[in-house]
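Colleague: sequence first, predicted coordinates after that:
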Amino acid sequence: MAREFPIERTRNFGIVAHVDAGKTTTSERVLFYTGVSHKIGEVHDGATVTDWMEQERERGITITSAAISCNWTKTMEADRTNRDLMTTFNIIDTPGHIDFTAEVKRSMRVLDGAVVVFDGAAGVEPQTETNWGYADEANVPRLCFINKMDKLGADYDASIKSIEDRLTKKAVRIQLPIGREDSLSGVIDLVTMKTYRFGGEMGMQVTEEEVPEDMLAEAQKWHAEMIERVVAHDDALMEAYLEGNEPTNEDLKKTLRKAVIACEIFPVLVGSALKNIGVQLVLDAVVDYLPAPTDLPPVTGINPKDDSEIERHPSDDEPFAALAFKLQDDKFVGQLAFFRVYSGTVKAGTYILNSSTGNKERVGRIVRLLADKRSEVEEVYAGEIAAMVGLKEVKTSHTLCDEANPIILEQITFPEPVVAVRVEPKTKNDQEKMGVALKRLADEDPTFKVSTDEETLETIIAGMGELHLDIIVDRMKREFGVEANIGAPQVAYRETIQREAEAEYKYIKQSGGRGQYGHVKIRIKPLEPRPEGEEKLPKNITRDEHFEFVDNIKGGVIPNEYIPAVMKGAKEAMSRGFVAGYKMEDISVELFDGTYHDVDSSEIAFKLASINAFKDAAAKASPVILEPIMKVEVRTPGEYMGDINGNLSSKRGQVEGTEEMGGKTIIHAHVPLSELFGYTNTLRSMTQGRASMTMEFDHYEVVPPNVAADIKKARGIA
């Protein structure tokens, strides 16, 4: 079966935004205009395609990213049914709530571009900043769509200023709104200098007109500024422009596309998805400016045979290489593994290598997704996104590849959970089902962790926030039939050390026959941030996000085969801290000396020696408790600002600053998570329901001594 569209006419992009910026409403228009759905579902009616989970429709928010495949022909093409003019879209509609931030992070890893949606009355909001940061990390080209320009208080200029102040100075407006709030009636395209109006059923009838006389001067002003910003990215165009030759529309689009793909310009578009104004032009801009897989550099990975770096180009003729970026439990077909193909092709019924585990897997079926609906395909090609059915051992971030040409692609890293609760099955029957349910949910969501309290043997579930855990418990009940009692939310504290310390431990055991002998000397210290620009670590250093192991053994005083056991012992010792029993992190462990016995030494002996040496060193290294600090943003009428600032200070919060946006005062603060449970209700009562609050994890900080004493007391530690 040949591929339907050439790879150059493929666009993989995400739709991302802060919660309630109109992201899912925009996605529903995309489905309608591309012909995938024949009726627009509205969030407020609980009838959307992309928000297909019951919990999403009840709450009116996106919880899980939904994948959509569709085709698009540009708006003003005369023959919209001509397949030679079509571009195929693979779209992921991502959540905007901070509790489900992992969905955005993993989507950014596999997408080639993104449409970032903004609320025209609110501008840049906290989760937009986080999503933008994820896109920066992944170097993803972006379009900005300022939505809700029909909303009371919408302000195009203020929204762009907030983008420039809080996200990037590289934003360039390529459209202007005609009117705003109730008077919003169309869009001016600054590239073509044409007006577009949207009439007929759901804005399907798009007409092109000249720029209105009363807006011509403003349009010419921003047209000139846009040209200056664009020609700066092409020397020949710049030279011609300085000589008085204005670039053609074709040259402008070509250069703008080049700058967008290089993340040097982020074009700003405008409209209202709810009022069906401007969405088709966003899709045109995706075709014109966002990259095809062939516009981006080849993906790099590691050859597992010799650890050398290798590349895969976006071509069907290269060996197959793909990244599994999401798992989803499906009650009809079992587990779906979403994957992005970077090179080569894969057919249903064939065998592939999971190079992350080293195991062969058989691809049972391959499906394309429309949210929760599926259509089977025989083969998937380079640059495409689909899902496999039948893989047994795949996990998020695993690499799937051709067995004869193995490669391991870079893994996706996820934030650690900050809130935990105790969960207890209501009946013995629930107890048996709960373990299965929690395992499947943890496989789907890398930010959801399940553990057992060693002292009480209770099950602890941890996630990114109270809403995150509420959804998990609700899914256990609805999807797996598990009834459970839930404890009060608990903060996921951590522990670390504040200074350097050394320790030595000899593990010797003689009980008849062969004994056990392991002897290590270690040095521990706080883990310093990795130097910027450092590409490769020395061979003797192993590092992950919160742990470093340095092998400084000289002259073979400890044989190489025992050194991994020393590292395992140190990591195991860090699982329970010495102040209040919380997990330790951000520690560097250096193994610098020791001895071994020709007969009695073993891996277990060195692991136990390492555990005990670490405990001795940590006790001397000024261990402390760390607490999660949240970045809080409160939007309030100005008259309540004083009361809110005082209340935040009483919660050990630090107010960082304020700004005005959309007729409201925005307060920026950092507040410990432990002080924020139930804060939304407090804020509502303080402001007669007129203020709102959003928060996201920012960093960990050492808790004050009096708070540490309270935490230890609550844990039953003197």
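Modeller: Perfect, I can see it now.
Colleague: ramachandran coordinates for residue 542?
Modeller: The phi/psi pair for residue 542 (degrees, to the nearest 10) reads phi -120, psi 130.
Colleague: is it true that it touches residue 567?
Modeller: Yes - Residue 542 lies in contact with residue 567 (C-beta atoms under 8 Å); the separation is 6.6 Å. C-betas here are computed from N, CA, C, even on glycine.
Colleague: tell me the secondary structure at residue 697.
Modeller: strand (DSSP: H, G, I helix; E, B strand; the rest coil).
Colleague: show me what contacts the closest residue to it other than its chain neighbours?
Modeller: Nearest residue to residue 697, sequence neighbours excluded (C-beta to C-beta, 6 or more residues apart in numbering): residue 418, at 5.2 Å. Counting by C-beta atoms under 8 Å, 6 or more residues apart in numbering, residue 418 touches 462, 464, 465, 491, 492, 628, 673, 697.
Colleague: swap the cut-off to 7 Å and go again
Modeller: Listed by C-beta atoms under 7 Å, 6 or more residues apart in numbering, the contact partners of residue 418 are 464, 492, 628, 673, 697.
Colleague: so what's the fourth one up against?
Modeller: Contacts were defined as C-beta under 7 Å, 6+ apart; by that measure residue 673 touches 418, 491, 627, 628, 630.
Colleague: who's the second one bridged to?
Modeller: This points to residue 491. Per DSSP bridges, the residues bridged to residue 491 are residue 419.
Colleague: buried residues, stretch 581-597. List them.
Modeller: Across stretch 581-597, burial judged by 16 or more other C-beta atoms under 10 Å covers 581-591, 593-594, 596.
Colleague: then stretch 197-211?
Modeller: Residues 198, 202, 203, 206, 211 are the ones in stretch 197-211 that count as buried (16+ other C-beta under 10 Å).
Colleague: assign the fourth one to helix, strand or coil.
Modeller: Three-state secondary structure (criterion: three-state DSSP) places residue 206 in strand.
Colleague: burial check on the closest residue to residue 112 other than its chain neighbours, number of neighbours?
Modeller: Using C-beta to C-beta, 6+ apart and skipping residues adjacent in sequence, the residue nearest residue 112 is residue 12, 4.6 Å away. Neighbourhood size, residue 12 [other C-beta atoms under 10 Å]: 23.
Colleague: contact partners for residue 12?
Modeller: 90, 111, 112, 293, 383, 385.
Colleague: selection in PyMOL covering whichever of these are buried, please.
Modeller: Listed next is the PyMOL selection for buried residues among those, using 16+ other C-beta under 10 Å:
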select buried, resi 90+111+112+293+383+385
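Colleague: return the member of the contacts of residue 12 nearest to residue 361.
Modeller: Within the contacts of residue 12, the smallest distance to residue 361 is 18.6 Å, found for residue 385 (C-beta to C-beta).
Colleague: which ones are touching the closest one?
Modeller: 12, 67, 90, 110, 340.
Colleague: so which of those residues would you say is closest to residue 20?
Modeller: Nearest to residue 20 out of the contacts of residue 385 is residue 67 (C-beta to C-beta; 22.0 Å).
Colleague: what about the closest one, distance to residue 340?
Modeller: Residue 67 is 10 Å from residue 340, where distance means C-beta to C-beta, to the nearest Å.
Colleague: check residue 478 too.
Modeller: For residue 478, the distance to residue 340 equals 29 Å [C-beta to C-beta].
Colleague: mind checking which of these two has more residues around it?
Modeller: Neighbour count, other C-beta under 10 Å: between residue 478 and residue 340, residue 340 has more, with 27 against 12.
Colleague: and that one, how far is that from residue 400?
Modeller: 10 Å.
Colleague: spell out which residues are contacts of both of these two.
Modeller: Jointly contacting residue 340 and residue 400 under the rule C-beta under 7 Å, 6+ apart are residue 322.
Colleague: stretch 166-184: which residues count as buried?
Modeller: So stretch 166-184, judged by 16+ other C-beta under 10 Å, has buried residues 167, 170-178, 180-181, 184.
Colleague: same check, this time on stretch 427-443
Modeller: 430, 433, 434, 437, 438, 440, 441, 442, 443.
Colleague: got the CA coordinates for it in CSV?
Modeller: Extracted C-alpha coordinates of stretch 427-443, given in CSV (Å, rounded to 0.1, in the frame of the first residue of the first chain):
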residue,chain,number,x,y,z
THR,A,427,-13.8,-4.7,50.0
LYS,A,428,-11.6,-7.8,49.5
ASN,A,429,-12.8,-8.0,45.9
ASP,A,430,-11.8,-4.3,45.3
GLN,A,431,-8.4,-5.1,46.7
GLU,A,432,-7.7,-7.7,44.1
LYS,A,433,-8.8,-5.4,41.3
MET,A,434,-7.1,-2.3,42.6
GLY,A,435,-3.5,-3.5,42.0
VAL,A,436,-4.3,-4.2,38.3
ALA,A,437,-6.0,-0.8,37.9
LEU,A,438,-3.2,1.1,39.5
LYS,A,439,-0.6,-0.6,37.4
ARG,A,440,-2.4,0.1,34.2
LEU,A,441,-3.0,3.8,35.1
ALA,A,442,0.7,4.2,36.1
ASP,A,443,1.8,2.7,32.8
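Colleague: contact partners of it?
Modeller: Under the criterion C-beta under 7 Å, 6+ apart, residues 327, 329, 395, 425, 448-450, 461, 472, 475-476, 480-484 lie in contact with stretch 427-443.
Colleague: quick one: distance of it to the chain centre.
Modeller: Here stretch 427-443 shows a centroid-to-chain-centroid distance of 26 Å under the convention C-alpha atoms, centre = their mean, to the nearest Å.
Colleague: again with stretch 592-612
Modeller: 41 Å.
Colleague: kindly report the same for stretch 276-293.
Modeller: 22 Å.
Colleague: got it, and stretch 236-251?
Modeller: With C-alpha atoms, centre = their mean, you get 39 Å for stretch 236-251.
Colleague: mind saving the C-alpha coords of it as CSV?
Modeller: The C-alpha trace of stretch 236-251 is given here as CSV (Å, rounded to 0.1, in the frame of the first residue of the first chain):
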residue,chain,number,x,y,z
ALA,A,236,19.3,39.1,-0.6
LEU,A,237,15.7,40.1,0.4
MET,A,238,17.1,42.6,2.9
GLU,A,239,19.4,44.2,0.4
ALA,A,240,16.6,44.5,-2.2
TYR,A,241,14.2,46.0,0.5
LEU,A,242,16.8,48.6,1.5
GLU,A,243,17.1,49.6,-2.2
GLY,A,244,13.3,50.3,-2.2
ASN,A,245,12.0,47.0,-3.6
GLU,A,246,9.2,45.5,-1.6
PRO,A,247,9.3,41.7,-1.5
THR,A,248,6.5,39.7,-3.3
ASN,A,249,4.0,37.8,-1.3
GLU,A,250,5.7,34.6,-2.4
ASP,A,251,9.1,35.7,-1.2
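Colleague: so which bits of it are buried?
Modeller: For stretch 236-251, a neighbour-count test (16+ other C-beta under 10 Å) marks 237, 238, 241, 247, 251 as buried.
Colleague: where do the strands sit along the stretch 551-700 of the chain?
Modeller: In the stretch 551-700 of the chain, the segments counted as strands under DSSP state E, counting those that start in this stretch are 587-595, 623-636, 654-661, 664-672, 692-702.
Colleague: residue 155: which of these is closest?
Modeller: That would be strand 654-661 among the strands of the stretch 551-700 of the chain, by C-beta to C-beta, at 8.4 Å.
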